[in-house]
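J.: Dropping a prediction and its sequence here:
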Amino acid sequence: MMIFLTKWSFFGTFNKASELIKMKDKAILICQECLSRNYEIKKAAGKTGRYEASKYCPKCKKHTIHKESK
């Protein structure tokens, strides 16, 4: 099987690779009671440690502590 790369397919893979690099700045917040993944946030580049906040969980139907996933 031979795969021919055209100009458009090269740029399509390049955009996907750049999207993977941008994903490192994102973090997903998980509810500590029901463990559902509810929120997605952008992290600052220089920050270390895990983000923690009190957010509304639609599954629990109340405000609970949400922590950043690993």
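T.: Good, I have the coordinates.
J.: where do the strands sit along the chain?
T.: Counting by DSSP state E, the chain has strands at residues 26-31, 37-42, 52-57, 62-68.
J.: now the ones you listed in TSV, with mean pLDDT?
T.: Output for the strands of the chain, formatted as TSV (pLDDT from 0 to 100):
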stretch	mean pLDDT
strand 26-31	93
strand 37-42	92
strand 52-57	95
strand 62-68	95
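J.: Is it possible to get CSV of the ones you listed that adds mean neighbour count?
T.: From N, CA and C alone the C-beta is placed, and that goes for glycine too. Formatted as CSV, these follow (neighbours: other CB atoms under 10 Å):
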stretch, mean neighbour count
strand 26-31, 17
strand 37-42, 13
strand 52-57, 13
strand 62-68, 15
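J.: Please name the bridge partners of Ile41.
T.: Ala27 (DSSP bridges).
J.: hang on, it packs against Glu52?
T.: No. Look at Ile41 against Glu52 with CB atoms under 8 Å: they stay out of range, at 11.3 Å.
J.: Identify the contacts common to these two.
T.: Glu68 (CB atoms under 8 Å, 6 or more residues apart in numbering).
J.: Can you measure across stretch 25-37, start residue to end residue?
T.: The straight-line separation of the ends of stretch 25-37 (CA to CA, to the nearest Å) is 17 Å.
J.: With stretch 31-40 instead?
T.: Across stretch 31-40, first to last residue, CA to CA, it's 12 Å.
J.: Also stretch 41-48?
T.: Termini of stretch 41-48 sit 15 Å apart (CA to CA).
J.: And the contacts of that stretch?
T.: 25-27, 29, 51, 68.
J.: right, and Thr64 touches Pro58 too?
T.: No. With contacts counted by CB under 8 Å, Thr64 stays clear of Pro58, the gap being 10.8 Å.
J.: Taking the contacts of stretch 41-48 together, which two end up most distant?
T.: Asp25 and Leu29 (14.5 Å; CB to CB).
J.: Tell me if I'm right that Glu68 and Leu29 touch.
T.: Yes. Assessed by CB under 8 Å, Glu68 is found in contact with Leu29 at 6.1 Å.
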